[in-house]
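Q: build the 3D model from these lines:
(one chain, ligands or ions: 1)
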Amino acid sequence: MVSPQIIDMLKDELPFDGDEELVLSGELKVGLVLVDIVNGFCTVGAGNLAPTEPNKQISLMIEESVKLAKVFSERNWPIFAFLDTHYPDKPESPYPPHCIIGSGEENLVPALEWLEKDPNATCKRKDCINGLIGSINEDGSNTFINWVEAKKIQLILVVGICTDICVLDFVSTAVSARNHGLVHPLEEVVVYSQGCATYDLPVHVARTMKGAVAHPQELMHHIGLYIAKGRGARIAWRKTIMNLSSREIYVEIQKAICSLGMSAPARIVMRVSMRTAPSKRKGLGPRSVMNDIQLVKGIQSIARINIKAGQTPTVLATVVSGNLVTYYRELRKTSFT
Ligand SMILES: [Zn+2]
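A: Numbering: from 1, shown residues only. As a prediction, this is how the structure comes out:
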């Protein structure tokens, strides 16, 4: 077995800045992509490539993916689910038979079965490790690319299994396709690390199986994210869903300033800080919120939104024209952090 110290050493040799918080505030058109969260890869004892016993990383991946899928569905945001599905006469080298059609392995895990009937979700069966290749139809069209175009998606948030196989191949290809102008209007490819998992085949077990290649879960998960980042994807380590758009936040601040009896100032500078101890790295949302607010002229104030993990966020608007006045207002927010 690879000792935790060796895994830590290897992670030190392959470090990457993955502690980025993704803030979904509705500023960008976001699509959720679920990769192969099917029984054949996730449900204990479901098949050749399924876990043989409950697995923490896989359970967390399912839990996080279900939470995201529910939020997206409630808001009528688009969801795309890949389902690995094979015909018995068409093996997928180098893997043993898996997710054979009709076996039940090829279906979404019980916690996500509802997605098949959800009007916001598009489900695509694929018999290919790489979802973007697997989306090519007989007439040459591509179901995934069509989905991005039809829904005008600017950012895809990717979760699923396996981090270093189907997720990585799809993400790398999506980044290449975006760079090549094939997926319009896609701008950002984001992998949510806690929403991904890979399988575990420790070295000591692999040695007892003829022809098996070891696949230590934690290390391979890390390597999958590391390579995805190297190819140009962004890795989000934490997510926050905001119920208000920057325009709505702006209106809240305007109301706050008016309630303090301030006259309309000339300029507003709004800074949104996302702090999640111990890191204080910026996510995608704050940048877009800030850009939007700075475009709006007419208010001379500095407003700051402080959002701490697990706490109700507040808007702190500090009016700097005239006397220094502070104002707090609670924001509605759903946080899963
Ligand atoms: Zn497969």
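Q: which parts of this structure sit against the ion?
A: If contact is defined as CB under 5 Å from the ion, the residues of the chain in contact with the ion are 84, 92. Any C-beta I mention is one placed from the backbone N, CA and C, and that applies to glycine too.
Q: now the chain against the ion: closest residue?
A: With CB to the ion, the shortest gap between the chain and the ion falls at D84, namely 4.2 Å.
Q: what's the distance between that residue and N179?
A: D84 sits at a distance of 26 Å from N179 (criterion: CB to CB, to the nearest Å).
Q: more neighbours: which of these two?
A: Counted by other CB atoms under 10 Å, D84 and N179 do not tie: D84 has more neighbours, with 27 against 11.
Q: the more buried one contacts D36, correct?
A: Yes: contact criterion CB atoms under 8 Å: D84 and D36 qualify, at 4.6 Å.
Q: can you list contacts of the helix of greatest length in the chain?
A: When the chain is scanned for its longest helix (criterion: DSSP state H), the result is helix 56-74. The set of residues that contact helix 56-74 without belonging to it, under CB atoms under 8 Å, 6 or more residues apart in numbering, is 24, 30, 32, 34, 37, 42, 51, 77-79, 109, 111-112, 115, 118, 120-121, 157, 159-161, 192, 194-200, 217-218, 221, 239, 241, 334, 336.
Q: identify the bridge partners of the residue of the chain closest to the ion.
A: Legend: beta-bridge partners of D84 under DSSP bridges are K126.
Q: numbering from 737 from now on, please.
A: That works, and once the first residue is 737, the last one we named lands at D820.
Q: tell me the contacts of it?
A: With contacts defined as CB under 8 Å, 6+ apart, the neighbours of D820 are 772, 774, 776-777, 834-835, 842, 861-863, 902.
Q: ok, I837 next?
A: 821-824.
Q: repeat that for 6 Å
A: Residues in contact with I837 (CB atoms under 6 Å, 6 or more residues apart in numbering) are 821, 823.
Q: do R861 as well
A: With contacts defined as CB under 6 Å, 6+ apart, R861 is in contact with 819, 821.
Q: distance of it from H957?
A: Look at R861 and H957: by CB to CB, they are 25 Å apart.
Q: next: Y935.
A: Between Y935 and H957 the distance is 10 Å, computed by CB to CB.
Q: and what of G840?
A: With distances defined as CB to CB, the gap from G840 to H957 amounts to 26 Å.
Q: between those two, point out the one with more neighbours.
A: Counting neighbours by other CB under 10 Å for G840 and for H957 shows that H957 has the greater number, 23 against 14.
Q: can you list phi and psi of the more buried one for me?
A: Summarising the backbone geometry of H957 under the convention degrees, to the nearest 10, its torsions are phi -60, psi -50.
Q: same check on the one 10 residues further on?
A: Reported as degrees, to the nearest 10, the phi and psi values for R967 are phi -80, psi -10.
Q: nearest spatial neighbour of it, chain-adjacent residues omitted?
A: What sits nearest to R967 in space, not counting adjacent residues and going by CB to CB, 6 or more residues apart in numbering, is S908, at 4.5 Å.
Q: what's the burial count for the one you found?
A: Here the number of neighbours of S908 (other CB under 10 Å) works out to 19.
Q: tell me the mean pLDDT over whatever helix or strand it lives in?
A: With the criterion set as DSSP states H and E, the secondary-structure element containing S908 is helix 904-915. Here the mean pLDDT over helix 904-915 is 97, rounded to a whole number.
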